[in-house]
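A.B. asks: sequence? don't have it. structure:
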């Protein structure tokens, strides 16, 4: 299966919660990886939640390809999402956890089961189908979450700091795996990270969010030059 690339656009979106307001007007290129960076509390996760449908704008539109999904529930959007805590069900083995991506009731055909096995093999977990999440390392659990993305086969993949709890070597392995999967499927990937080196390694594009808005967007390489955006250079300087 191959996902079809689609652009993502937040068209003059306004959203507010408690005493915070965000305003996003930004387009994410189809079939490419865009890193989303910015200070804690700037609105990065909120941006992903607006695309996924977990939040609904007060104003503006959310577009995926030529489809207006502003009021569509999450289940009706062509989107998969991977969180830092990977959202696995502790009582289900990893084969069933991945199978949920195809059928929430786990009514799987023989073809579905073949796709689950292929997805687990693609992420390096062949032979581990009957293990429970607690029997896996943190990196292996994130591989299960990525395998579930593969069987869902949606064109949009949202990642909210999914590898933040992993050590440098494991994180590097997961970035390589994600890059390989994205190259095969040509998914449009929005990747929230606090790690400049992860953005530099993985993403063709970058969006820098500050104070509830997109402060600057462009090619990742341009952010890391001496003439890169001042807000971003200040941010990574203070982070380090």
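C.D. replies: Here it is on my side, so go on. Not measured: the values here are computed from a predicted model. Numbering: from 1, shown residues only.

A.B. asks: residue 23 should be in a helix, yeah?
C.D. replies: No: the assignment for residue 23 is strand, going by DSSP: H, G, I helix; E, B strand; the rest coil, so no helix is present there.

A.B. asks: the residue nearest to residue 212 when sequence neighbours are not counted: neighbour count?
C.D. replies: Of all residues not flanking residue 212 in the chain, residue 22 sits nearest, at 3.8 Å (Cβ to Cβ, 6 or more residues apart in numbering). C-betas here are computed from N, CA, C, even on glycine. Number of residues near residue 22 (other Cβ atoms under 10 Å) recorded here: 24.

A.B. asks: make 7 the first number, not 1, from now on.
C.D. replies: In the new count, where the first residue is 7, that last one comes out as residue 28.

A.B. asks: show me the beta-bridge partners of residue 28.
C.D. replies: Beta-bridge pairing of residue 28 under DSSP bridges involves residue 21.

A.B. asks: could you measure it against residue 13, distance?
C.D. replies: Using Cβ to Cβ, to the nearest Å, residue 28 is found at 20 Å from residue 13.

A.B. asks: which of the residues in the helix or strand bottoming out on mean pLDDT in the chain are buried?
C.D. replies: In the chain, no helix or strand scores lower on mean pLDDT, DSSP states H and E than helix 236-245, which sits at a mean of 80. Residues 238, 241-242 are the ones in helix 236-245 that count as buried (16 or more other Cβ atoms under 10 Å).

A.B. asks: over to stretch 138-158?
C.D. replies: 139, 142, 145-158.

A.B. asks: which residues of this protein score low on pLDDT?
C.D. replies: Within the chain, the stretches with pLDDT under 70 are 7-10, 92, 244-246.

A.B. asks: who touches whichever helix in the chain runs longest?
C.D. replies: Secondary structure of the chain per DSSP state H: the longest helix is helix 174-191. Helix 174-191 is contacted by residues 8-9, 39, 128-130, 143-145, 148-149, 152, 155-156, 159, 163, 165, 168-169, 172, 193, 195, 201, 204, 207-208 when judged by Cβ atoms under 8 Å, 6 or more residues apart in numbering.

A.B. asks: same question for stretch 89-101.
C.D. replies: Contact with stretch 89-101 is made by 102-103, 106, 122-123, 126, 131, 134-140, 142, 147-148, 150-151, 153, 166-168, 170-171, as judged by Cβ under 8 Å, 6+ apart.

A.B. asks: among the residues you listed, which are located in strands?
C.D. replies: Mapping the contacts of stretch 89-101 onto strands (DSSP state E) picks out residue 166.

A.B. asks: give me the subset of the contacts of stretch 89-101 that lies in helices.
C.D. replies: Short answer: the contacts of stretch 89-101 in helices (DSSP H) are 102-103, 122-123, 126, 147-148, 150-151, 153.

A.B. asks: nearest to residue 64 among the residues you listed?
C.D. replies: residue 151 (30.9 Å; Cβ to Cβ).

A.B. asks: ok, that closest one touching residue 169?
C.D. replies: No: counting by Cβ atoms under 8 Å, residue 151 stays clear of residue 169, with 10.6 Å between them.
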